[in-house]
Structures are given as C-alpha cells and as structure tokens.
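Here's my sequence, what's the structure:
(2 chains)
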Number of protein chains: 2
Amino acid sequence: MTQASDGARAYSRANVEKFLGELFEMLRIPSLSGDPAHAGDVRKMAEWLAAHMQTLGLDKVAVMETAGHPVVYGEWMGAGPDRPTVLVYGHYDVVPATMEDGWISDPFEPVVRDGKIYARGATDDKGQLFIHVKALEAWLKSSGAAPVNVKFLIEGEEEVSSPNLTPFIEQHLDLLKADVCVISDTSMPSIDAPSITHSLRGMTYIEIEVEGPKDDLHSGLWGGAAHNPALALVEMLGKLYNPDNTIAVPGFYDDVVPLTAAERAMIAKTDLSEEQYKAVTGVPALWGDQRFTIRERLSARPTLDINGLWSGWSGPGPKTIIPQKAGAKLSSRLVANQDPHKIFELLKGYLESIAPPTVKLDVRLLTTGRAALIPFDIPEMQAAARAYERGWGHAPVFTRGGGSIPVVADIASLLKIPVVMMGYGLDSDGLHSPNEHFSIEMFARGIETAIVYWEELAQLA
Amino acid sequence: MTQASDGARAYSRANVEKFLGELFEMLRIPSLSGDPAHAGDVRKMAEWLAAHMQTLGLDKVAVMETAGHPVVYGEWMGAGPDRPTVLVYGHYDVVPATMEDGWISDPFEPVVRDGKIYARGATDDKGQLFIHVKALEAWLKSSGAAPVNVKFLIEGEEEVSSPNLTPFIEQHLDLLKADVCVISDTSMPSIDAPSITHSLRGMTYIEIEVEGPKDDLHSGLWGGAAHNPALALVEMLGKLYNPDNTIAVPGFYDDVVPLTAAERAMIAKTDLSEEQYKAVTGVPALWGDQRFTIRERLSARPTLDINGLWSGWSGPGPKTIIPQKAGAKLSSRLVANQDPHKIFELLKGYLESIAPPTVKLDVRLLTTGRAALIPFDIPEMQAAARAYERGWGHAPVFTRGGGSIPVVADIASLLKIPVVMMGYGLDSDGLHSPNEHFSIEMFARGIETAIVYWEELAQLA
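Purely as a prediction, here's the structure:
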C-alpha cells in the first residue's frame, strides 16, 4: 500500500551518507556544558544548529539566551492550524571526554568502526536529536510539506540538569504551544527490541568537602594526632549503605511509590539476566537490593552513587602528606514521588549527623531534577507504538528508563501535553563513558520511524 | 677563649648573603624525584651540586649513577688519617609543589619574607644539606683546613624512600668509610629548643586500586545493580580504624616495642599541648589513640594515613557516572621493631579479607623504610650536644622524630658507625606542604654549629 511517507522514507534512505557528514560536523564541536572553559564551544554548537535549521527553511530560527547556555529554536508550521503540532525536545550539550579516560580514538573526531559512529555525543544526544531534523528535511525535500507542524526546542544544559530550561519554558508558553512533545534521548536493550520509555528517574546531585588542617601536613611530623580528612571522608561515605545494600539515609525511601504487581509484571518483560548485565558492564558480580529484580533496580528504584572522589596526591610515586581536604561528588537517581530538594536535605542532614568534630564538613547542592511517569494508554503513545511497528516490523514495549531527563516532568506539567520518549539509542552505546557510539542502522531506522510517527499523529487529528 | 673555629665562624657570619644566593640557585631547580617528567631537573640539580663542590676544592667529586637518580659524592681528606672522618648525608630531591596547592609565591622561585626563605626544598633538605657544604667552605677559606676529614653522600631519591641507596652503599663501603655520619634533615620545636633526634619512624607505602565495570557507566542506565568502585573503596577504607582510633589491621601492633616509663618521661620533655598542635596545623580538634600523649603519638607510635584518593570526576560541575575504578595511596609510619615488609603483608591481607566479591582489588607496595633508634650516650652524640651548647647557648634535648629517613638504619648497620641527626629545621617549616620555608637564622646558626661540631669531634680523636 502506498503511503504519503514513502517518498520521505526513500529520500532518507538515499541520503544517509550526507546526513552522517552533517552529524560529524556537530560531533566535532566539544560542547561540554559543565566546564566553563568550553562555553565558547557550546555557543558555537548552538549557532551551527541554528544555521543548519535556516538552510532547511525553518522559521523563527534563533539562538535564544538564557541565564546559562542558549536554547536553539526553529519551527515549520506549514501543515496548518488543523494539523497537530509536535514539539521536538533535544540537547546539543555533552559530558566531558578525554583520551586519558580510555578512548580508542579522539572523542571529538568521529570515526565509523563496524557500523557505529564513535564520538562523545554520538548517541547522547546529538545523533538522536538530529534524527528529527532529518525527518523534517526528508518530508520537505520529497513532498514539499510535512503532515504535522514541527517545533524544535534544543537546549544546551541537559548534562548539567537543565537549570535554566524551566524558566525558559515558563517565559515562552505561547511559542512552545504544541499537542505532543517527542524526545529521543533514551535507549532500547537491543536493535530488535524497540521500546517507548514512559518513566524516568529524577536526580539530586551534591558535592561534599571535608577539611582538616589549614595546609597539607607532613605525615611524619604530624601523623598520629590529626584526623586525616581523607580518612574522615571514607569513614562517613562508608556509612551511606546498610549491609543489605539499602541506602542508610533516614527517610530516604519514605516517599517512594511502591510498585504494584501489574507494574512489576510489565517491568519483567524487559528484565536482564545477571549474565547480560555482566557482559555489557564488565562487573565481576552483581550488587544491590536483592528484594528487587535487576531491571527494577535500574529503573524503578532510587540509587545513591559516588561519581567522584579526590584527596591529596594521585600522581606518580609516593607523597607522604596528610591532605588538607578531601571531597566527593554524590548523586541519587530518584523515582516518583521523591522530591529532589527534600532528598538533598535528608542527605545533608545525615552527613552532618555522622561528621566527626575533628573535621569541617561542607555539603553543597549541584543540581536537581524530578522523576517523570507518563501514562501509556493515551493516543499519542499508541500512535508512537504503531510508528515503531512500521519502522521496525514489530510492536514496541513500554519501559521505564533509569536515566534522568529533568525537563520531561516540567514539559508535561507546564505545557500540559504528553511527552513521548522514542529513544533510538542502544543500552550498550556507552553514553557518558569512553568510546560512546551510535549505530548507523539505528540512526537510519530512527529517521524513518520519526517520519511515519508524524503521519500517524496527523491521522489522529 | 680563642678557638680554632673562631675564624671559620667569622667567615660564615660575613658570607650569609653569598650563601643564600647559592642556595637560591639550588631551590630554583624543581628536582622532583617522584615524577618521571622531572628526571632532567633531578640530574641538573645533581650536576649543580657536583660543580659547586668542585669549586670549593673537594676531591673525587662525581655524579655517580644508580638504578634511579644519581648520588653526588665529594670528599676533603686534608685533615689526615689521624683525624676522624665525618660522612655527611643529605638529599637534593624534593616532593611536588604547585601554585594550585595553595602556595603564595612560586615554589621554585625562592623569596624571603619575614626572615624566612619560601621555596620547595628550603628546609627539606636543600637548605639543611647546604649547611655542611658551607661549614667546610668556612673552615677551608678561613684557615686552609678543617679539623676533620669530610665526605659528602648526597642522594636524589629520599622523597621516594631511597630505593637505590642501600645497594649504592653496599657497593661503595670503602669510599664511604667514616667514623660518624651526620644528617641534617630533621627539625626542632622552636628556635630556642635545639634537639638531637635519636629515633625515626620507618614506613610502608602502598597503593590500592578497586575496579568494577570495564568502563565508566552511565549512573542512570546501570545504577542500582553495580557496586560502585568508589563506594566499595570507601567501605573498605572506612574499616582501617577501630572506634578508639587504633588501627584495625590484625597483627599491626604485634612487634611494636612498648615504651618504658623512662622513655615516656624523656618524651614528655618535648610534649605539645593541644593548643600548640591546633595552632600550627589548623585542625579543629585533635584525634588519635588517647592512651598516648601527643608527642608519643607523633614519634613513638605507628600511624596509617590516606595520602591520596581518586575516582571518577573531580572537575567542575556534575558528571553522572559509576566510575570504572577508584584508588588510594596509604602509608604507615612504623616504629621499632616493626618490619616494613611484614606490615605490607598484613595490610594487603586485611584489605583482601574485607574486599567484596563485586569488585577486583589490587594492592601494590610502593616503598618501605626501616625505623631507626640510636643510643644517645655515645661520644659522638655527646660531642654534638656540646656543639649545640656552643652554637645555641644551651644544651639540646634528645628527641624522637616522627618522620622517616630510610637510610639512617641502613647507614648505621652497613657502615657500622653512629648516625647523629642534627636537624636545623623548625617543626613549623611546612615541609611537604604549601609555602615550605626555612629560617635564615636557623641556616646561619646551623653552619656555626656544624663548624664547632667538627672541632668537638677532632678532640675525641
């Protein structure tokens, strides 16, 4: 059966090489949002995207200022007021990457190995956001129009938990008015297991510092009567967990909505075996709260991780000091209905309660994000399921994501629209890790699925 | 009463400015023995010293190779075979220092503030070793001869625990033959409290690494089922001490020689108050094994310190990873009769016994050094006490040092000579810390005391 989307799909298949060339230009820009030294690169990336949207013929294309890194906006409203409007959200910023972390090739010089694009941001989220830009190009170049109106909201601070996006949305409610929001910033377990994410974890990210002496001390002259700050820190952090691997912070689990039997049955459809988890991650053995399955622990239960740890001398050879201070970055992945600010207060209070009087403790909040939970029986979700059936050949499952896209909960509540998370990454893509990559086949299938999703949405109207 | 040393003392007083200019040249060379990137600077420092000894007219001056950094040797044997021979030991290498550590001025561009020389190595040990070079110069320039023969053995690996010095001494027993060894690499509590160190702590320095996944993991996708290596590390290191601040490693204290009442009484002569310790170090409160006084804890009891700690992301902003690995540097200051290698085995065994099966643990030995204990009723020690009386105006006390000079035990046993530690530093000099400094008055008094010590030694002959 011939469909309107056939031309657009054919165009996208014929132009994969061109699309990749453009994506590589994006991947070469080290748009690290968390490092002030890269602020210029972040802006360069925003300007590249805006210029690219301009060449495709979008309207109102602009690099819009925020209190932090800018938002890139552009729209194509040619489908007319009777057709639905899709708001595409994505982010053009990335987390840090250096060769010393273990990259095989320069993280900011993309290369293709074995059908995969290796570069920081390949899957998270430059490659995935670009899918929608290319879907619109395919519709416009093949038939001169798309079946829906499309607005792009591409931010540059997702990797630092989007501190300025909520105010931006609040200030631009009319501009961003839409019927549904689509986000591609999640992943599926394997290429043959398409999934739609309907839940995400939130986050509370803190930094703590323990200070002892006013300077590093010679450990021979002064050792034995000063509480080593690194020792005080590990003694405190060694009390984060109970022996059963539950988090020891009092009140931490109080607001967690318990899982129903039906939810657990749904989560079981995508459970991982221990062998699968070990094969992908390389850990020697699994760990965690044994009352929950692996997938439950990865998506429907909160965590508390140490993301960074530093004190004293970490260079080559010995240095015999009592360090002046020791620090750590800790973050908690939260689930509904945990409040990120309440969790910060609980963490801070607990750390202060176990800090010894021999050191000074400072606990700072870095970022927060709320968890999101979207119903999956609404028409926009079901249309997405049909799009996957057409793009992939079989129906997707609805899954919970373990990661955090802080803006999902905010878009849903501020714009009062459903958010459909159609992620085209693979769980094994290594996002935030050395050698992050993105499958070219997933990129190509993603574009075709986005193309047909718009057709499905238009038919709802 | 006129003494032979009067001329030498007058020369040294008249030439302090010249001596300082020469010392500054030494301090400008960043001779970091622990960092392979500075190997060239270490050699440059050795060559500077050798050239300087040559200009003073010493014989057999040489930069002598070892398996690591070279030893600088030089001798003046003009006093003749009937006079005693003094072996001066010192080290020309230093520990790392960067402005980021909190230095007020460039650590390798010495400046004088308030009568003190600020630079890395000012007191430890360039300034102190130079005292003996200048004492010899003073004798030779003022009277053409010194009352004793002098040999210099200046090494470049003290700060990495002298891995190659013991073999060097074993291979050059004839060259190094002497009647007494003098070392200035220790300190006294205040300028009016001269002291002779008769005991030093030994050391076992290890590095440990905990590995979990094969790469950093995205904490959202994978968090909840992987034992975070940084968490595993802090959980292990949090078990290094018992609640009473004694070291929890089984067998750790087994070989410690208990302190007698007489020894405790002697140590009490130089005890510190809590207020003094807090004032110098800046710690908010004291810590340690309450069964022992502060000075006992600092010199006559073993320690176990965390010297460095690292894992994951320590740069600006958040990074949401489960780090691939976490590491720490730990060192133990040992007392007689603890064996450094036995202590390594105990530490390793304990860490392995508490390591969870969810991570891989690697424990490596970096360096070791034996503790030293020298009797203080021998003639060479009593002569040193008289030298201090002449240089300072009152008698020194015999103290235990908390630091480690690994070679002291080896020189004593291999060359079968007493080692006299005449340290001219102050406990507050900040060695191994930012803004290390050395008092010009201590430098000048040190040279005069070294001058008269040789006269006292000659009279023993």
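
Let's see the particular helix or strand that has residue A:362 in it as PDB, backbone CA atoms only.
Under the criterion of DSSP states H and E, residue A:362 resides in strand A:360-369. Only the C-alpha atoms of strand A:360-369 are listed here, as PDB (Å, rounded to 0.1, in the frame of the first residue of the first chain):
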ATOM      1  CA  LYS A 360      34.800  20.600  59.000                       C
ATOM      2  CA  LEU A 361      32.100  19.400  56.500                       C
ATOM      3  CA  ASP A 362      30.500  21.300  53.700                       C
ATOM      4  CA  VAL A 363      27.600  19.800  51.700                       C
ATOM      5  CA  ARG A 364      26.500  21.700  48.500                       C
ATOM      6  CA  LEU A 365      23.600  21.000  46.100                       C
ATOM      7  CA  LEU A 366      24.800  20.900  42.500                       C
ATOM      8  CA  THR A 367      21.600  20.000  40.500                       C
ATOM      9  CA  THR A 368      18.200  18.500  40.900                       C
ATOM     10  CA  GLY A 369      15.600  17.000  38.500                       C
END
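
Tell me the gap between that strand and the middle of its chain.
With C-alpha atoms, centre = their mean, to the nearest Å as the basis, strand A:360-369 stands 21 Å off its chain's centre.

Which residues in it does the neighbour count mark as buried?
Residues A:361, A:363, A:365, A:366, A:367, A:368, A:369 are the ones in strand A:360-369 that count as buried (16 or more other C-beta atoms under 10 Å in any protein chain shown). To be clear about C-beta, it is placed using only N, CA and C from the backbone, and glycine gets the same treatment.

what does stretch A:102-121 give?
A:103, A:107, A:108, A:110, A:116, A:117, A:118, A:119, A:120, A:121.

Check which element follows the strand holding residue A:362 along the chain.
Per DSSP H and E, the first helix or strand lying C-terminal to strand A:360-369 is strand A:372-373.

what helices or strands is that following strand leaning on?
Where contact means 3 or more C-beta pairs under 8 Å, 6 or more residues apart in numbering or on different chains; DSSP states H and E, strand A:372-373 is packed against strand A:195-200, helix A:407-414.

Pick the most deeply packed of these.
Comparing these by mean neighbour count (mean count of other C-beta atoms under 10 Å in any protein chain shown), strand A:195-200 comes out on top with a mean of 25.

Now find how far off-centre that one is within its chain.
Counting by C-alpha atoms, centre = their mean, strand A:195-200 comes out at 12 Å from the chain centroid.

Would you mind giving the orientation angle of the strand holding residue A:362 with respect to strand A:195-200?
Angle between the axes of strand A:360-369 and strand A:195-200 is 130 degrees (criterion: axes from the mean of the first three to the mean of the last three C-alpha atoms, to 10 degrees).

what is the rounded mean pLDDT of strand A:360-369?
Mean per-residue pLDDT for strand A:360-369: 95.

Sheet partners, orientation included, of it?
Sheet pairing for strand A:360-369, assigned by DSSP bridges, gives strand A:202-211 (antiparallel).

Report the rounded mean pLDDT for the strand it pairs with.
Rounded mean pLDDT across strand A:202-211 is 97.

Check stretch A:101-110 too.
96.

How about residues contacting that stretch?
Contact with stretch A:101-110 is made by A:23-24, A:27-30, A:97-99, A:111, A:117-120, A:122, A:434-436, B:215-216, B:324, as judged by C-beta atoms under 8 Å, 6 or more residues apart in numbering or on different chains.

Among those residues, which lie within helices?
Members of the contacts of stretch A:101-110 lying in helices (criterion: DSSP state H): A:23, A:24, A:27.

Let me see the contact set for the second one.
With contacts taken as C-beta under 8 Å, 6+ apart, residue A:24 has the following neighbours: A:110, A:117, A:119.

And the first one, how close does it get to chain B?
Right, the one you point to is residue A:110. Residue A:110 sits 18 Å away from chain B, going by C-beta to the nearest C-beta, to the nearest Å.

Hmm, residue A:257 is touching residue A:371, no?
No - applying C-beta atoms under 8 Å, one finds residue A:257 not in contact with residue A:371, separated by 9.6 Å.

neighbour-wise, which of these two wins?
residue A:371 (25 against 13; other C-beta atoms under 10 Å in any protein chain shown).

The residue nearest to that one when sequence neighbours are not counted pairs with what?
Using C-beta to C-beta, 6 or more residues apart in numbering or on different chains and skipping the chain neighbours, the partner closest in space to residue A:371 is residue A:202 (3.6 Å). In this structure, residue A:202 bridges to residue A:334 when assessed by DSSP bridges.
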